[in-house]
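J.: can you look at this prediction? I've put the sequence above it.
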Amino acid sequence: MTDEAADPPVEASAEPAEAAEPVALGVVRTPTGHAGVDAHLARLAAADHLAADGHVEVYEDVHRGLREALTALDAPPVPGPYENRS
């Protein structure tokens, strides 16, 4: 009895596959109007030219900056120099 559905053995290539160059994804970043947030989002463009293993550092940096910007929104306003006069 023969096994006609069996796949032929796969031969391993003697040459390693070449790593593809990083390619920009072309994601559009719409300005928010908040300079600090826009600066962090612009930093995401740095990841476009890195290999995938370099993305984590950029993403963590941007995430940290965006969290700080959001946290600052919850902080009470600091009084100006002339607002505490009696």
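T.: It's in.
J.: please, where are all the strands along the protein?
T.: In the chain, no strands are defined using DSSP state E.
J.: so where is it shaky, pLDDT-wise?
T.: Low-confidence segments of the chain (pLDDT under 70): 1-20, 22, 25, 83-86.
J.: buried sites along the lengthiest helix in it?
T.: Assignment by DSSP state H gives helix 52-74 as the longest helix of the chain. If you call a residue buried by 16 or more other C-beta atoms under 10 Å, then helix 52-74 has these buried ones: 58, 62, 65. Quick note: C-beta positions are derived from backbone N, CA and C, even for glycine.
J.: leaving out chain neighbours, which residue sits closest to the first one?
T.: Which is V58. A47 (4.3 Å; C-beta to C-beta, 6 or more residues apart in numbering).
J.: which ones are touching that neighbour?
T.: 54-55, 58-59 (C-beta atoms under 8 Å, 6 or more residues apart in numbering).
J.: show me what the longest helix of the chain is packed against.
T.: helix 35-43 (3 or more C-beta pairs under 8 Å, 6 or more residues apart in numbering; DSSP states H and E).
J.: can you list contacts of the helix it packs on?
T.: By C-beta under 8 Å, 6+ apart, the list of residues contacting helix 35-43 from outside reads 29, 31-32, 58, 61-62, 65-66, 69.
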